[in-house]
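Peer 1: just need the structure, nothing else, for what follows:
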Amino acid sequence: MRRAVLLALTVPLLLAVPLLLASPLSAKEKEKETKTAPAPAAAAPSANPGVTDPSAGEMIDQERQYKHCLALARSKPEDAWEEALAWSSLGGGEPARHCAALSLIALKQFDEGASRLEALARDSHSPARIRAGMLAQAGQAWLLSGKPEKAYAAQTSALGLVPGAPDLLVDRAQTLADAKNYREALADLDEAVKNDPKRVDALVFRAATKRYLDDIKGASDDLAKALAIDGLYQDGWLESGMVKRLQGDAAGARKDWLKVLEIAPNSNAADAARRNIEMLDVEKIQN
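Peer 2: Residues are numbered from 1 along each chain as shown. The predicted model follows:
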């Protein structure tokens, strides 16, 4: 079987987890916050939007501050880290801890960020779906750190809180596929598609997994379903080209890969499509 890169369809990091509101950090928790890198000097609380000093008689808008901190974690993670520390000192509780952990992940301190998320999920009094979201993010961070066993453990714990959740099943399938445990990945993807039959990324990911398991017809069937739901899903066309190439349909494969370039010319899928088209051209010259 000719092998190509298995599509990476993990849920993006820094997911929008529902607002976490809890009691202020204890003195012990505050001490822990200050012990790990990047450990910059915390900015003056009053300088941060949404954070004010209670001694000044003003209340913190927790929801506004949380959204601001998460947005900052995506764009300027070092600033978000400082802001999360300052917020924690003013009683930011779980939301501040969550933002701090995501800031560390954005700073590529994956192990520390993942460990903090797991601790937060363990200590949290939030609903199960929120704690599962924290564990899902921890799993993604562990995977980015090259620790699939820890990623799998976090994702399995998340599924224990929210059984059958398609997002979590797709995440765990990615971890299993990265470890070349394709049959176990397929089982998770089967369940994800069963629970959400119109989930396009799960269908395409399942097609790629079936391709690795030499089930070309099954892969083709999944792709037909996925592209019928969303005809502009570039990863679906990329995978479709790979499957057609394995079926000996070089013209069909080229057409699908050109479709990727038309839909999303600057995407990772387009880069892969260009490489595959180049390989076709080389084979044509050689033959």
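Peer 1: for the top helix by length along the chain, buried residues please.
Peer 2: Taking DSSP state H as the criterion, the chain has its longest helix at helix 268-286. Buried residues in helix 268-286, defined by neighbour count with 16 or more other CB atoms under 10 Å: 269-270, 272-273, 276-277, 280. Glycine gets a C-beta too; all of them are placed from N, C-alpha and C.
Peer 1: all helices for the stretch 101-250 of the chain, in order.
Peer 2: 110-123, 128-144, 148-161, 166-178, 182-195, 200-212, 216-229, 234-246, 250-263 (DSSP state H, counting those that start in this stretch).
Peer 1: which one of those helices lies nearest to His98?
Peer 2: The closest of the helices of the stretch 101-250 of the chain to His98 is helix 110-123. By CB to CB, the value is 6.1 Å.
Peer 1: now that closest one: average pLDDT?
Peer 2: For helix 110-123, mean pLDDT rounds to 96.
Peer 1: same deal with stretch 246-261?
Peer 2: On average, stretch 246-261 scores 96.
Peer 1: what's that stretch in contact with?
Peer 2: The contact list for stretch 246-261, computed with CB atoms under 8 Å, 6 or more residues apart in numbering, reads 1-2, 211, 216, 220, 234, 237-238, 240-242, 244-245, 267, 269-270, 272-274, 276-277, 280, 283-284.
Peer 1: report pLDDT for Trp237.
Peer 2: What the model reports as pLDDT for Trp237 is 98.
Peer 1: list the contacts of it.
Peer 2: Listed by CB under 8 Å, 6+ apart, the contact partners of Trp237 are 227, 256-257, 259-260, 263, 269, 273.
Peer 1: need the helices of the stretch 101-250 of the chain in a markdown table (columns: distance to Ser75).
Peer 2: Converted to a markdown table, the helices of the stretch 101-250 of the chain look like this (distance: least, CB to CB, whole Å):
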| stretch | distance to Ser75 |
| --- | --- |
| helix 110-123 | 17 |
| helix 128-144 | 18 |
| helix 148-161 | 26 |
| helix 166-178 | 24 |
| helix 182-195 | 31 |
| helix 200-212 | 25 |
| helix 216-229 | 32 |
| helix 234-246 | 25 |
| helix 250-263 | 27 |
